[in-house]
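Q: sequence and predicted structure, then a few things I'm wondering about:
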Amino acid sequence: MRRSSPLLLVAALLALGAPGAPGPALAQPDSSATHRVTSTFRRTGEEMDRFELGGGVVQRFFDTVGSLGYRRSLGLGPAFERSLMGELTGTAKDQLTEGIFSVYLLMRPSLTYKESWRFRPLVEFGPAFHLVVQTASLEGLNRTRYKADVYVKTHAYGGFEVLASRRVGFLVRGRISVPSHRPFDYAQAAIFLR
């Protein structure tokens, strides 16, 4: 039994292609072959990510709001471009301060614009998750109260964006939210950096 062990080991190594053992020849790819584009629904590097820095006018207790957003393209299909956006907004008036963290899943009809256009109409919609934190300073009591709410809404945006260069652009948009006491609740102007 012991004498057949080394023979079995040598046979197994040869069968598995041990170093130094001749193996079958593999075909090499033709280096003169041209590479074809396999998908036309892919964003360029500048279009994949962008930061948005803006300010807006709202229809609530507050007069204005500042925002910082990050948008990542999730892909471009035959009907819609999908993107995920995270946004921080903040505002203050009198003794009340409010901060909001939002996550949006936005869909933009791909027929409404072309990437080569420098002036693009902006039409997009989708659900969003919002975490709202408010602080109130109570005059005369030297106390601060905090309140937090979480909610989900559906938003639709309409406006336009202008590309100043490959990396910088401007956008102006209005927002409609459902459910809301005031459906048209937001107008924003922003600079975006890609």
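A: Here it is on my side, so go on.
Q: all helices for this structure, in order.
A: Applying DSSP state H to the chain gives helices spanning 4-16, 45-48.
Q: quickly, which of these bottoms out on average pLDDT?
A: Among those, helix 4-16 carries the lowest mean pLDDT, at a mean of 48.
Q: list the contacts for residue 138?
A: Contacts for residue 138 (C-beta atoms under 8 Å, 6 or more residues apart in numbering) come out as 95, 144-145. Every residue, glycine included, has its C-beta placed from N, CA and C.
Q: residue ranges in the chain under the pLDDT threshold?
A: 1-47, 182-183 (pLDDT under 70).
Q: which parts of it are strands?
A: 49-58, 64-76, 80-93, 96-109, 119-138, 143-163, 168-178, 184-193 (DSSP state E).
Q: ok, back up a step: distance to residue 51 and neighbour count added to the contacts of residue 138, as a markdown table?
A: Formatted as a markdown table, the contacts of residue 138 follow (distance: C-beta to C-beta, whole Å; neighbours: other C-beta atoms under 10 Å):
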| residue | distance to residue 51 | neighbour count |
| --- | --- | --- |
| 95 | 31 | 12 |
| 144 | 31 | 11 |
| 145 | 33 | 12 |
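Q: dump the residues you listed to CSV, plus distance to residue 164.
A: CSV is the format used below for these (distance: C-beta to C-beta, whole Å):
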residue, distance to residue 164
95, 39
144, 42
145, 44
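Q: quick one: which of these is nearest residue 115?
A: Within the contacts of residue 138, the smallest distance to residue 115 is 46.8 Å, found for residue 95 (C-beta to C-beta).
Q: would you agree the closest one is in contact with residue 136?
A: Yes. Taking contacts as C-beta atoms under 8 Å, residue 95 lies within contact range of residue 136: 5.8 Å.
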